[in-house]
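Visitor: Predicted model, plus sequence, below.
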Amino acid sequence: MSYDVLANTIFPDINREPQYFIEKYPKRNLPEGAKVTRYAPSPTGFQHIGGVFSALLDERIATQSGGVFYLRIEDTDQKREVPGAIDETINTMHMFGLDFTEGMTGDNTFKGEYGPYRQSQRAEIYKTFAKDLIKKGLAYPCFCTPEDLEALREKQTADKLTTGYYGEFASCRNLSPEAALERINAGEKYIIRLKSPGNFEKRVEFHDLVKGDISFPESNQDIVIIKSDGLPTYHFAHAIDDALMGTTTVIRGEEWLSSLPIHVQLFEVLGFDRPEYAHTPTIMKLDGGSKRKLSKRKDPESAVSYYNEVGYPMISVIEYLLNIINSSFEEWREENPTVDYHEFKVALDKMSKSGALFDIVKLADVSKNVICRLKAEDVYNYYINWAKEYDKEMYELVSSNEAMAKEIFNIDKEGPKPRKDFAKWSDVREKIFFFFDELFACDEMEAIEFPKNMDMAEAKRIIEAYAKAYNFNTDKDTWFEELKAVAIELGYTADRKAFKKNPEEFKGMVSDVAGCIRTAITHRSNTPDLYTIMQIMGEEKVRDRFNKFLSL
Ligand code: GLU
């Protein structure tokens, strides 16, 4: 009996030949050098920052080469699937501006000529190729039970042998088609394995786009290609999909590097051209001096939702990830402060080969620069969008005082050293609360910050005197001269040298008086320019603040 009967018994409903699909998905017609990449997540629901890192790389490498970036959903492990996860993935990609040219657009819809781009909807394709391999004697049904495999593993471990289903240990490998058929007809459960042609003694030389030149022994494992549920394993689906979808560059986490020998072999056995591979470093974090993987359980920053909640602009996250991808991004950004990040050319061979370190402090730093570069109008829009969802009170206050809010966001923005007050939108409240009477009134007494060495009695004396002299309608220089005059009158000095020499002759410096006014107006000692704050508040509010302070 030939393998054909066996193949037809296993796949009675599969009537096409591989050639049908090879023709259905023709080679892509792209300019020289154009890369085709894919982001291929499993729909488990949790949007990990590592996924954005991967998708960003895929998108950049494709787009900057004039190629195609597509989204493929790898849902062959149906136990792990979470409803709604595909939409969440798509939303995340949109949110980060990682728009794909092809791929799933919903659970059952897609765009592009190479679909469906969801593996569970491609079962016929995988089965067609598996059936063909069985016909050629290159794949076979395996009837070993989980217990058989466990016993094998134990024996191999005890004998200090490589574990797995291979060579002499692959007991179903050499079953005749008749014997296999008999067991199938008897109702035994089975899966399909590749009959590996590999020789572990031989080495494969390989060039990885990130890791550089590497070599490894040929795979001799008879890996599972079709599971008992009829769906393929990652290995088999990867080879078939990336071949038929015309992927030129597989960019994926380095955890897949150890499976590369299997994939190299599968491409060969299936007769496909092999894509290039880039195995990217795992995102790590420093924890008490040692590095570890960013963990879903321990690190809130591993979840994309975290960035939404605390309000990092998506562009900040992207720019930070670009820093991790190529450390030269930072310098490029300094030299090109106003250029869109898409102009930066990502280079796979300049990626760190070991761990990529995720550092939230550095992210905050990058983000401060990003927000600092935004126009006040944009800061306002981003902020109210965020606040609408995450800080309703601020949303109401800021959006109903739009003109004032825009002035606030514009403070010290256009000068040579623009302020870098905000890393994330949740920082805004504490930095601008004092503009709003409602929030100012709720500020706790203990939160009020005074200039150094100044007590409440002296502070009130200053405010009382200053309130009398205060003139709203003046320019900044006159305002300061007037403030200085009050200060000197009260026994303070503008002469630093004189103060240093004989501090006992003075109550302090003019800056202490200014600081005191700042305290009365804002309750904080570190704020943007005081004159500007007072101008934005308007005379009435400023005078009201003086009165409130005096009645504390
Ligand atoms: N579905 C795989 C994963 O989520 C994708 C790996 C790949 O990009 O090939 O790890």
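Guide: Cool, got the structure.

Visitor: alpha carbons only for contacts and neighbour counts from here, please
Guide: Will do.

Visitor: Quick check: bridge partners of the residue of the stretch 151-300 of the chain found nearest the ligand?
Guide: Here the stretch 151-300 of the chain gets closest to the ligand at one residue, residue 252, 4.4 Å apart by CA to the nearest ligand atom. According to DSSP bridges, the residues that bridge with residue 252 are residue 279.

Visitor: how far away is it from residue 238?
Guide: Counting by CA to CA, to the nearest Å, the gap from residue 252 to residue 238 is 11 Å.

Visitor: who has more neighbours, these two?
Guide: residue 252 (22 against 19; other CA atoms under 10 Å).

Visitor: I'd say the more buried one and residue 280 touch.
Guide: Yes: with contacts counted by CA atoms under 8 Å, residue 252 reaches residue 280, the gap being 6.0 Å.

Visitor: Neighbouring strands - and their directions - for the least confident helix or strand in the chain by mean pLDDT?
Guide: One helix or strand of the chain scores below all others by mean pLDDT, DSSP states H and E: strand 356-357, with a mean of 88. With DSSP bridges as the test, strand 356-357 is paired with strand 283-287 (parallel).

Visitor: So which bits of the partner strand are buried?
Guide: Judged by neighbour count (16 or more other CA atoms under 10 Å), strand 283-287 contains these buried residues: 283-285.

Visitor: which residues touch that strand?
Guide: The contact list for strand 283-287 (CA atoms under 8 Å, 6 or more residues apart in numbering) reads 50, 291-294, 355-359.

Visitor: what is the mean pLDDT for the helix or strand residue 387 falls within?
Guide: Using DSSP states H and E, residue 387 sits within helix 376-390. Averaged over helix 376-390, pLDDT sits at 98.

Visitor: can you check stretch 141-154 too?
Guide: The average pLDDT for stretch 141-154 rounds to 97.

Visitor: Taking the stretch 401-550 of the chain, what residue is nearest to the ligand?
Guide: residue 424 (29.1 Å).

Visitor: how far is stretch 21-41 from where the chain is centred?
Guide: Chain-centre distance of stretch 21-41: 25 Å, with CA atoms, centre = their mean, to the nearest Å.

Visitor: which stretches of this protein have low pLDDT?
Guide: The chain contains residues with pLDDT under 70 at 1.

Visitor: where does it come near the ligand, residue by residue?
Guide: 40-42, 74, 252 (CA under 6 Å from any ligand atom).

Visitor: Could you dump these into CSV and include secondary structure and distance to residue 378?
Guide: Shown next, in CSV, are the residues of the chain next to the ligand (DSSP: H, G, I helix; E, B strand; the rest coil; distance: CA to CA, whole Å):
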residue, secondary structure, distance to residue 378
40, coil, 33
41, coil, 32
42, coil, 35
74, coil, 37
252, strand, 35
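
Visitor: So residue 182 versus residue 171, what's the distance?
Guide: From residue 182 across to residue 171, the span is 16 Å (CA to CA).

Visitor: Residue 2 too?
Guide: 20 Å.

Visitor: Repeat that for residue 303.
Guide: From residue 303 over to residue 171 (counting by CA to CA), the distance is 44 Å.

Visitor: quick one: which of the two has more around it?
Guide: residue 303 (19 against 13).

Visitor: and after the helix holding residue 387, which helix or strand comes next?
Guide: helix 392-399.

Visitor: ranges for the helices of the stretch 101-250 of the chain?
Guide: 123-135, 146-158, 177-185, 234-244 (DSSP state H, counting those that start in this stretch).

Visitor: Output those in JSON lines, with distance to residue 433 appended to each entry.
Guide: Output for those, formatted as JSON lines (distance: least, CA to CA, whole Å):
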{"stretch": "helix 123-135", "distance to residue 433": "58"}
{"stretch": "helix 146-158", "distance to residue 433": "63"}
{"stretch": "helix 177-185", "distance to residue 433": "74"}
{"stretch": "helix 234-244", "distance to residue 433": "52"}
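
Visitor: In this structure residue 126 contacts residue 235, no?
Guide: No: if you go by CA under 8 Å, residue 126 and residue 235 don't touch, sitting 11.2 Å apart.

Visitor: So which of these two has more stuff around it?
Guide: Relative neighbour count places residue 126 above the other of residue 126 and residue 235, with 24 against 18, counting by other CA under 10 Å.

Visitor: Buried ones in stretch 349-365, by neighbour count?
Guide: Buried residues in stretch 349-365 (16+ other CA under 10 Å): 351-353, 355-358, 363-364.

Visitor: I misspoke; the intended subject was stretch 427-442.
Guide: Within stretch 427-442, the residues that count as buried by 16+ other CA under 10 Å are 428-429, 431-436, 439-440.

Visitor: Outside of that stretch itself, list whatever touches it.
Guide: With contacts defined as CA under 8 Å, 6+ apart, stretch 427-442 is touched by 394, 397, 408, 421-422, 521-523, 527, 537.

Visitor: Which one of these is nearest to residue 203?
Guide: Nearest to residue 203 among the contacts of stretch 427-442: residue 422, at 53.7 Å, using CA to CA.

Visitor: count of neighbours near residue 80?
Guide: Applying other CA under 10 Å, we find 12 residues neighbouring residue 80.

Visitor: wait, it sits on residue 46?
Guide: No: counting by CA under 8 Å, residue 46 is not a contact partner of residue 80; they are 11.0 Å apart.

Visitor: Type out the ChimeraX command that picks the buried ones from the contacts of stretch 427-442.
Guide: Selection command for ChimeraX covering only the buried members of those, criterion 16+ other CA under 10 Å:
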select :394,397,408,421,422,521,522,523,537
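
Visitor: of the contacts of stretch 427-442, closest to residue 56?
Guide: residue 422 (24.5 Å).

Visitor: Show the contacting residues for the residue nearest to that closest one when sequence neighbours are not counted.
Guide: Nearest-residue entry for residue 422: residue 368, 5.5 Å, with adjacent residues in sequence omitted and distances by CA to CA, 6 or more residues apart in numbering. By CA under 8 Å, 6+ apart, the contact list for residue 368 reads 420-424.

Visitor: Please apply the same query to residue 72.
Guide: By CA under 8 Å, 6+ apart, the contact set of residue 72 is 38-41, 103-104, 117-119.

Visitor: Show me which residues of stretch 224-236 are buried.
Guide: 224-226, 230-236.

Visitor: make that stretch 264-273, sorry
Guide: Across stretch 264-273, burial judged by 16+ other CA under 10 Å covers 264-267, 270, 272.

Visitor: One more: stretch 376-383?
Guide: 376-377, 379-380, 382-383.

Visitor: Would you reformat the residues you listed as TSV and include distance to residue 211?
Guide: Listed next are these as TSV, based on distance: CA to CA, whole Å:
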residue	distance to residue 211
376	43
377	44
379	40
380	43
382	39
383	41
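
Visitor: Go through the residues you listed and say which is closest to the ligand.
Guide: Lowest distance from the ligand to these (CA to the nearest ligand atom) belongs to residue 382, with 31.3 Å.

Visitor: Now that closest one: closest residue in space, sequence neighbours ignored.
Guide: Excluding the flanking residues, the one nearest residue 382 by CA to CA, 6+ apart is residue 313, at 7.7 Å.

Visitor: Name all residues that make contact with that neighbour.
Guide: Residue 313 makes contacts with 307, 367, 382, 424-425, as judged by CA under 8 Å, 6+ apart.

Visitor: Tell me how far it lies from the ligand.
Guide: Separation of residue 313 from the ligand (CA to the nearest ligand atom, to the nearest Å): 25 Å.

Visitor: nearest residue to the residue lying farthest from the centre of the chain other than its sequence neighbours?
Guide: Within the chain, the residue lying farthest from the chain centre (CA atoms, centre = their mean) is residue 505, at 58.8 Å. Counting by CA to CA, 6+ apart, residue 499 is the residue found nearest to residue 505 once chain neighbours are left out, at 7.6 Å.

Visitor: Residue 269 too?
Guide: Among residues not flanking residue 269 along the chain, residue 138 sits closest, at 8.0 Å (CA to CA, 6+ apart).

Visitor: what's the one you found sitting at in phi/psi?
Guide: With angles defined as degrees, to the nearest 10, residue 138 sits at phi -100, psi 0.
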